[in-house]
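Undergrad: Quick one: sequence plus predicted model below, questions after.
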There are 2 protein chains.
Amino acid sequence: MRVNFSKEDFNVAIATSVVLYGFDGDDLKILIAEKAGEPFAGAHILPSSVVHINEDPEDVAIELMRRITGSADWPIEILNAFAEVYRNPEGRVVNVAYYGTLQLNETLSQDLLRSEYKWVKVNDIPPLAFDHNKIVDYSRERLKRRVKRRPIGFSLLPKEFTMNQIQRLYECALGRDLDKRNFRRKLLKSELLLETDHFVRSSAKARRPSALYKFDEKKYRSLTLRGYDFVYQ
Amino acid sequence: MRVNFSKEDFNVAIATSVVLYGFDGDDLKILIAEKAGEPFAGAHILPSSVVHINEDPEDVAIELMRRITGSADWPIEILNAFAEVYRNPEGRVVNVAYYGTLQLNETLSQDLLRSEYKWVKVNDIPPLAFDHNKIVDYSRERLKRRVKRRPIGFSLLPKEFTMNQIQRLYECALGRDLDKRNFRRKLLKSELLLETDHFVRSSAKARRPSALYKFDEKKYRSLTLRGYDFVYQ
DNA sequence: ACAAAAGTGTTACACTTACACCCATGT
DNA sequence: ACATGGGTGTAAGTGTAACACTTTTGT
């Protein structure tokens, strides 16, 4: 074992990138930015930040989300370290990547429109600089797994949502269509949902309004931690 | 976004640690070492290595396994980066951790006995230096998931093995008892096993010999990649 | 014959999947 | 009245879990 560091070993930098998912009712999207400064000026990248020598990457990732969205209160989870040798031409950089989920609402959408960030559909992601496409792919696999096994999907939905919205979200995350009746039955059986007495019309052309549901926060939290096997292979 | 590195940011070192699993027929074990040199001289640690500035952590981890076991040919998978600020008193060190599985046999066991490493049962792991206990816990969760969803368990077994051995291995990995009849039925249905015409007696006291099985390597590989849902919740 | 571990089947229940029509409402 | 999307039930098949006794063999 080589367990003793020499001075030359301390010549690596840490960065963090965040894959931030949002769902607008129709499509699952992630946030991307344009890079300022060389290398790769103008290229598309994930929201990213240098992690200074005395900082925790998770704290920096949370702060990054706060700067982007105005709130630090979104669920976040580490993805992995991306640490190959030649991923950054400036020097050896280890990227500790995270992914997070947020609830898109009008205000946030508007604020983001005026920012340096933009939403792109997960099925329509442009080439990104560094190995950021690899990080995105990795995060999509993770999201797929999470959606299957934990009620994580709800963190992308507004407080109250229709069955069709949540089904559409699951279809986006899993990349395939689901049967409406089976989906509803399964979700209701989980007892994670509470009915509200609210309704919305899903579009101008829609006639009959949809019932709105919210989730049972207590149940939600316990199932988020221990998994609940909402199994779709 | 802070995307421009300054000179001071390049002051981090990379290390890698490997959680190396072996199964001796009765117990699932991992390899630990005693640390040479300060800090923590004499403390128990995971097999670990500095990753020099021009090296890929995975290559270093594989080389570490080769130095320990004499072979670089064991399955290995990245766990995560462990990158908190104060994990190493020598300076900022990011640990890119891996776990691997190997087939314990007599020769390898004897070689390892004469080395600086020793096997400890996964239910009996001593306090380790740095945050290595955290890495071990993380790897056990990963192994549990893998065992449930992929035929990864076989990489811990000898070429030919009995049903009782593989059941015991699954019980160790999952941390609970399994029903013998259900286990066999499930495993045979997967069509992953081939009968051999060999038998062994499992102990001196055992009378009736056990049938030995091997796995269908072609099927094994395809199922390892795409998962096969050997589901035990 | 006995001790020891190997090996074997059935049943009840839960879950999954496939499938098509009526309902409520606004215009 | 009609157009639109919302909402509902059943049946067949598959998988899971719980359960105890017989078989084979060496001593």
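TA: In hand now; what should we look at? Residues are numbered from 1 along each chain as shown, chains lettered A, B, ... in the order given.

Undergrad: On the pLDDT front, check residue A:1 for me.
TA: For residue A:1, the pLDDT comes out at 72.

Undergrad: can you pull the contacts of it?
TA: Contact partners of residue A:1, counting by C-beta atoms under 8 Å, 6 or more residues apart in numbering or on different chains, are B:33, B:36, B:47, B:48, B:49, B:64, B:67, B:116. From N, CA and C alone the C-beta is placed, and that goes for glycine too.

Undergrad: Among the residues you listed, which ones are in strands?
TA: Using DSSP state E, the subset of the contacts of residue A:1 located in strands is B:33, B:48, B:49.

Undergrad: Do you know the pLDDT at the last one?
TA: Okay, so that is residue B:49. The per-residue pLDDT reported for residue B:49 equals 96.

Undergrad: List the beta-bridge partners for it.
TA: Residue B:49 forms beta bridges with residue B:16, as assigned by DSSP bridges.

Undergrad: Quick check: it touching residue B:58?
TA: No - if you go by C-beta atoms under 8 Å, residue B:49 and residue B:58 don't touch, sitting 11.7 Å apart.

Undergrad: Between these two, tell me which one has more neighbours.
TA: residue B:49 (20 against 17; other C-beta atoms under 10 Å in any protein chain shown).

Undergrad: ok, now how distant is the more buried one from residue B:76?
TA: 13 Å (C-beta to C-beta, to the nearest Å).

Undergrad: the helices in chain A, which residues?
TA: Here chain A has its helices, by DSSP state H, at A:57-69, A:106-113, A:132-149, A:163-174, A:180-189, A:217-226.

Undergrad: Output these in JSON lines; the columns should cover distance to DNA strand C.
TA: Listed next are the helices of chain A as JSON lines, based on distance: least, C-beta to the nearest atom of the strand, whole Å:
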{"stretch": "helix A:57-69", "distance to DNA strand C": "34"}
{"stretch": "helix A:106-113", "distance to DNA strand C": "21"}
{"stretch": "helix A:132-149", "distance to DNA strand C": "10"}
{"stretch": "helix A:163-174", "distance to DNA strand C": "12"}
{"stretch": "helix A:180-189", "distance to DNA strand C": "4"}
{"stretch": "helix A:217-226", "distance to DNA strand C": "14"}
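
Undergrad: TSV please, covering the ones you listed and showing distance to residue A:14 and mean pLDDT.
TA: Listed next are the helices of chain A as TSV, based on distance: least, C-beta to C-beta, whole Å; pLDDT from 0 to 100:
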stretch	distance to residue A:14	mean pLDDT
helix A:57-69	6	97
helix A:106-113	26	85
helix A:132-149	15	93
helix A:163-174	29	95
helix A:180-189	40	94
helix A:217-226	28	78
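
Undergrad: Quick one: closest of those helices to residue B:214.
TA: helix A:132-149 (30.6 Å; C-beta to C-beta).

Undergrad: who touches both of residue B:49 and residue B:76?
TA: Any residue near both residue B:49 and residue B:76 by C-beta under 8 Å, 6+ apart counts here, and that gives residue B:61.
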